[in-house]
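K.L.:
Output the structure for:
(one chain, ligands or ions: 1)
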Amino acid sequence: MYMLNIFSTKNLICLFAFFVIVSCSKKNSGEPEVAASVISNLVYSPNSLSLQSGVAGSSVKPSLSGTLPVSFSISSSPTNSGITIDSEGKVKVASTVAAGTYNISVTATNAAGTVKFDNAYSITVSASAIPQNLSYSPNSITISQGTAVASAAPSVTSSTSVSYSISVSPASPAISINNQGVISAASTLATGIYSVTVTATNSSGSKAFANAYTITVNSNSTASVTYTNTIQAIIQNNCGTCHINGPQVKFDSYASTKNNIDAILSRIKLAQGAAGMMPNGGTRLPQETINSVQKWKDDGLLE
Ligand code: HEC
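P.N.:
Numbers count the residues shown, from 1 in each chain. You can find the predicted model right below:
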């Protein structure tokens, strides 16, 4: 019978030819060859990451099935802006992410649509063993010479107790640190700018925090200038030959100097070489000396 001959050579050839025609006609139809396929089987291997806080990290690239290209977004529980995903699907952890466990769901999108993979990845950030994040607020102070000063205690991240040491640039024995991390400057500290590097140590180790604190000591400008403690000597040394012992207008007493203060100031403030600059024919006084004479007037021309 005919039915019994279905696998005859003749029929098999016909069948083969039929399939070739069908598949050829599909390819030549001009329509999209294959519809985009939905994303599935998104997998990270490994699917978790353990980090110490203060250290950045990244997952591997995920494997997945589905038509490319694929774009990614993530949500983290709990949320953290330091956890992101790149264009390849790698999960990135910034060094700022706080200690904790974060469950990451990844949403992948292609031409066929969007698929969410819940808890595709997890991140565990453990508190760092050595001290981290030491900072002073404020982290600098400006004082006048002769003033003792102390910083606030620093904030520092450490699971165990912390001890402190410092190195100061330029070195000075007048700057020290106590058990709480409070930096002190003695009143003997010379003028200058001191940069303090603080080393915090706990049972796991040490970390140096460069330039954690800055102390600026300006020359002392708080004590009042008087005729006796400052001005008399300036006049004698710089003006005396002509204005005490010579023929010029006399500045040989508190009263005579005080009465001429405006003329004295205007003359000593003139530029080097300017007509009328005093000392006459000499070198302009150092600015510090001029400032002292001005301060004498500002302080009320004290005797
Ligand atoms: C080498 C001599 C000499 C020295 C030193 C000198 N002066 Fe004179 N000073 C003069 C002569 C000369 C005049 C008058 C000419 C003039 O007014 O420029 C004068 C005038 C003045 C006048 C104007 C007085 C007036 O009432 O007209 C003042 C103020 C003055 N000197 C201040 C000073 C001061 C302050 C110093 C020191 C920092 C000083 N002089 C040092 C020679 C000197």
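K.L.:
So I231, which state does it fall into?
P.N.:
Under DSSP: H, G, I helix; E, B strand; the rest coil, the three-state class of I231 is helix.
K.L.:
Next, count neighbours for it.
P.N.:
25 (other C-beta atoms under 10 Å). Using the backbone N, CA and C atoms, a C-beta is placed for each residue, glycine as well.
K.L.:
and the closest residue to it other than its chain neighbours, what does it touch?
P.N.:
Spatially, and ignoring its direct neighbours in sequence, I231 is nearest to W296 (5.3 Å; C-beta to C-beta, 6 or more residues apart in numbering). By C-beta atoms under 8 Å, 6 or more residues apart in numbering, the residues touching W296 are 225-227, 230-231, 261, 302.
K.L.:
Could you rerun that using 10 Å?
P.N.:
Going by C-beta atoms under 10 Å, 6 or more residues apart in numbering, W296 touches 224-227, 229-231, 234, 257-258, 261, 264-265, 302.
K.L.:
okay, those residues in JSON lines with pLDDT next?
P.N.:
Formatted as JSON lines, the contacts of W296 follow (pLDDT from 0 to 100):
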{"residue": "S224", "pLDDT": "80"}
{"residue": "V225", "pLDDT": "86"}
{"residue": "T226", "pLDDT": "90"}
{"residue": "Y227", "pLDDT": "94"}
{"residue": "N229", "pLDDT": "84"}
{"residue": "T230", "pLDDT": "87"}
{"residue": "I231", "pLDDT": "93"}
{"residue": "I234", "pLDDT": "92"}
{"residue": "T257", "pLDDT": "98"}
{"residue": "K258", "pLDDT": "97"}
{"residue": "I261", "pLDDT": "98"}
{"residue": "I264", "pLDDT": "98"}
{"residue": "L265", "pLDDT": "97"}
{"residue": "L302", "pLDDT": "94"}
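K.L.:
export these to TSV and tack on distance to Y102 and secondary structure?
P.N.:
Listed next are those as TSV, based on distance: C-beta to C-beta, whole Å; DSSP: H, G, I helix; E, B strand; the rest coil:
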residue	distance to Y102	secondary structure
S224	63	coil
V225	64	coil
T226	69	strand
Y227	73	helix
N229	68	helix
T230	67	helix
I231	71	helix
I234	70	helix
T257	76	helix
K258	75	helix
I261	72	helix
I264	74	helix
L265	69	helix
L302	69	strand
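K.L.:
I'd like to know how far S172 sits from the ligand.
P.N.:
36 Å (C-beta to the nearest ligand atom, to the nearest Å).
K.L.:
for A35, same thing?
P.N.:
Distance from A35 to the ligand, by C-beta to the nearest ligand atom: 97 Å.
K.L.:
could you list every residue that touches that residue?
P.N.:
Residues counted as contacts of A35 (C-beta under 10 Å, 6+ apart) are 67, 111-112.
K.L.:
and which of these is nearest to the ligand?
P.N.:
Checking the contacts of A35 against the ligand by C-beta to the nearest ligand atom gives A111 as the nearest, at 88.5 Å.
K.L.:
Test my guess that the closest one contacts T67.
P.N.:
Yes. With contacts counted by C-beta atoms under 10 Å, A111 reaches T67, the gap being 5.9 Å.
K.L.:
Which neighbours do the two have in common?
P.N.:
The contact sets of A111 and T67 overlap at 35-38 (C-beta under 10 Å, 6+ apart).
K.L.:
Between the two ends of stretch 175-185, how far is it?
P.N.:
4 Å (C-alpha to C-alpha, to the nearest Å).
K.L.:
swap in stretch 245-264?
P.N.:
OK, stretch 245-264 end separation, C-alpha to C-alpha: 17 Å.
K.L.:
just how off-centre is it within its chain?
P.N.:
56 Å (C-alpha atoms, centre = their mean, to the nearest Å).
K.L.:
May I see the buried residues of it?
P.N.:
Neighbour-count burial for stretch 245-264 flags 251-252, 254, 257-258, 260-261, 264 (criterion: 16 or more other C-beta atoms under 10 Å).
K.L.:
Understood, closing this out.
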